[in-house]
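K.L.:
the following comprises the amino acid sequence and a computationally predicted model.
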Amino acid sequence: MIYLQLIDVKKNILNLVPKTYAKNKGLIVFDLDKDREIARVAMINPFDLSSIEYLRFKLGCRIEAYSTSQASLMAGLSQYQDLVTTTPNTLYPTPSILKPLDLKQIGLSSRNLNLIKSSIKNTHGLILITGPSGAGKTTTIYSILNELNTPKINIMTIEDRIENHLPRVDQKQISSIKTVDFSAELRHMILKKPHVIMISEMTHPEITDLAINSAMNSNLILSSSNTNNAINTISKLIGLGNHNFILASALEMIIAQQLVEKICTVCIESYKINTGIENQINDQLKLIYEKTKNKIRTNDYFYQGRGCSACDFTGLNGQVGIFEVLKINPIMKNLISEDAPIKKIRENAIKTGMITMFEDAFLKSREGIITIDEVLKMAPNLQNF
């Protein structure tokens, strides 16, 4: 029996599990042995295998479950009172409350996060964030700007609408419909030679041409586009009249994204699915893990929300991004310059380790972030290259 009244749980350990989930499931993570990769959990029901399995995947370590009483649990829950919750219900808030986020908060895998952080260190090049309307592109762009925003980095933006005022950043608001004014302001910014220029969206050939030429020579350019995946963005840019060899020289990275519904963390539960479907899913996961060089995490369970008052009994609460990060490597630059078929560019991207949005969604379902049903429902769109 564990008596949480006698234990001062470290806040960083306590905060590994949201208070709402801890209260609902009757458990407290009170100790973490990083050397032995063990998390110790006090539980009203230490035989709650569903919760133990979820914690094992969430924390990435073995779980040691200890019995505790209701009074002890309440003492443990009371220790949450000093914690300040900073994570909103959705990582992609409405524009009226949009705030710059840490890139770690928007749903990027460690691999994709490292690729992005590496690319934004470059002194020049074009980085595009792409996806349908409402996919969270603006939040991702502001998160990148927030990562870059230091006193040593000169950042300027030209935006249709300034959705968040950033310290130290020179922001201009001009409607992209007024092409002449928008282009004139962009030319003026380029002449000032800032380290980074953010353009809200590249929809007009003249604006695109200015951005690409600047990215080739002197600036890191961030912008967005409305294509459904990374590869098709290349076709769209060529369609706007850009010469292949110039585009190839300027392109540094394309980040494609969509939003999907998250499983409610208060009422999440595990379940087993049909063996035949499970085998197909595990075959797909093996291919992904081989590509990412990560150890395969075998597990017979998938996750869903049971439905509770916190999620209006839907089992879903909030949204998370699924991503496709395309790093433009030298072979890809040659393929773009030679006007190679898009299919060939895609094959090279996958061969060199790009995780597609479909694959990223699969991984998130395995980790208990989204349901497998959500992945399969979106599969036709995600695989439509």
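P.N.:
All right, it came through fine.
K.L.:
ranges for the strands of this structure?
P.N.:
Under the criterion DSSP state E, the chain carries strands at the ranges 27-33, 38-43, 62-67, 125-130, 155-159, 170-173, 196-199, 220-225, 251-263, 268-271, 302-305, 316-327.
K.L.:
dump those strands to CSV, plus mean neighbour count and distance to Y80.
P.N.:
Where C-beta positions appear, they are placed from N, C-alpha and C, glycine not excepted. Below are the strands of the chain laid out as CSV (neighbours: other CB atoms under 10 Å; distance: least, CB to CB, whole Å):
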stretch, mean neighbour count, distance to Y80
strand 27-33, 21, 9
strand 38-43, 22, 14
strand 62-67, 16, 19
strand 125-130, 24, 35
strand 155-159, 22, 37
strand 170-173, 14, 38
strand 196-199, 25, 38
strand 220-225, 24, 38
strand 251-263, 23, 21
strand 268-271, 19, 18
strand 302-305, 22, 22
strand 316-327, 23, 19
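K.L.:
how about these, which one is nearest K333?
P.N.:
Nearest to K333 among the strands of the chain is strand 251-263 (7.4 Å), distances taken as CB to CB.
K.L.:
count of neighbours near A340?
P.N.:
Using other CB atoms under 10 Å, A340 has 15 neighbouring residues.
K.L.:
hmm, I was thinking of K117
P.N.:
13.
K.L.:
state the distance from T20 to T265.
P.N.:
Per CB to CB, to the nearest Å, T20 is found 7 Å from T265.
K.L.:
and if you look at T208?
P.N.:
42 Å.
K.L.:
who has more neighbours, T20 and T265?
P.N.:
T265 (21 against 17).
K.L.:
correct me, but the more buried one touches Y21?
P.N.:
Yes - under the criterion of CB atoms under 8 Å, T265 makes contact with Y21 at 4.9 Å.
K.L.:
what are the boundaries of the helices in the stretch 1-150 of the chain?
P.N.:
Secondary structure of the stretch 1-150 of the chain (DSSP state H, counting those that start in this stretch): helices at 11-14, 19-25, 49-59, 70-78, 110-119, 137-148.
K.L.:
work out the gap between the shortest one and the centre of the chain.
P.N.:
Offset of helix 11-14 from its chain centre (CA atoms, centre = their mean, to the nearest Å): 24 Å.
K.L.:
just the longest one next, same as before
P.N.:
Once both centres are worked out by CA atoms, centre = their mean, helix 137-148 turns out to sit 11 Å from its chain's centre.
K.L.:
likewise the third one?
P.N.:
For helix 49-59, the separation from the chain centroid amounts to 22 Å (computed by CA atoms, centre = their mean).
K.L.:
now for that helix, which elements pack on it?
P.N.:
When contacts are defined as 3 or more CB pairs under 8 Å, 6 or more residues apart in numbering; DSSP states H and E, helix 49-59 packs onto strand 27-33, strand 38-43, strand 62-67, strand 268-271.
K.L.:
if we go to 7 Å?
P.N.:
Other elements packing on helix 49-59 under the criterion 3 or more CB pairs under 7 Å, 6 or more residues apart in numbering; DSSP states H and E are strand 38-43, strand 62-67, strand 268-271.
K.L.:
mind checking pLDDT for the residue nearest to I44 when sequence neighbours are not counted?
P.N.:
In space, and not counting its chain neighbours, I44 is closest to G26: 3.5 Å by CB to CB, 6 or more residues apart in numbering. According to the prediction, G26 has pLDDT 92.
K.L.:
list the beta-bridge partners for the nearest residue to E64 once chain neighbours are set aside.
P.N.:
Ranked by CB to CB, 6+ apart and with sequence neighbours excluded, the top spatial neighbour of E64 is R40, at 4.8 Å. Listed by DSSP bridges, the beta-bridge partners for R40 are D31, E64.
K.L.:
distance of R40 relative to K34?
P.N.:
12 Å.
K.L.:
contacts only, for the closest residue to M1 other than its chain neighbours.
P.N.:
With CB to CB, 6+ apart as the criterion, M1 has its nearest non-adjacent residue at 5.4 Å, and that residue is S67. Each residue near S67 by CB atoms under 7 Å, 6 or more residues apart in numbering is listed here: M1, I2, M43, P46.
K.L.:
rewinding a little: weakest of the helices of the stretch 1-150 of the chain by average pLDDT?
P.N.:
Mean pLDDT is lowest for helix 49-59 among these, at a mean of 82.
K.L.:
send me that one as PDB with only the CA atoms.
P.N.:
Output in PDB follows, covering the C-alpha atoms of helix 49-59 (Å, rounded to 0.1, in the frame of the first residue of the first chain):
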ATOM      1  CA  LEU A  49      -4.700  -3.400 -17.200                       C
ATOM      2  CA  SER A  50      -6.200  -0.900 -19.700                       C
ATOM      3  CA  SER A  51      -4.800   2.100 -17.800                       C
ATOM      4  CA  ILE A  52      -1.500   0.300 -17.200                       C
ATOM      5  CA  GLU A  53      -1.100  -0.400 -20.900                       C
ATOM      6  CA  TYR A  54      -2.000   3.200 -21.800                       C
ATOM      7  CA  LEU A  55       0.600   4.600 -19.400                       C
ATOM      8  CA  ARG A  56       3.200   2.200 -20.700                       C
ATOM      9  CA  PHE A  57       2.800   3.600 -24.200                       C
ATOM     10  CA  LYS A  58       2.400   7.200 -23.100                       C
ATOM     11  CA  LEU A  59       5.500   7.200 -20.900                       C
END
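K.L.:
what comes into contact with that helix?
P.N.:
With contacts defined as CB under 7 Å, 6+ apart, helix 49-59 is touched by 16, 25, 27, 39, 41, 62-63, 65, 268-270, 299, 301, 303, 367-368.
K.L.:
follow-up on the earlier one: of the helices of the stretch 1-150 of the chain, which is nearest N279?
P.N.:
Closest to N279 of those is helix 49-59 (CB to CB; 19.4 Å).
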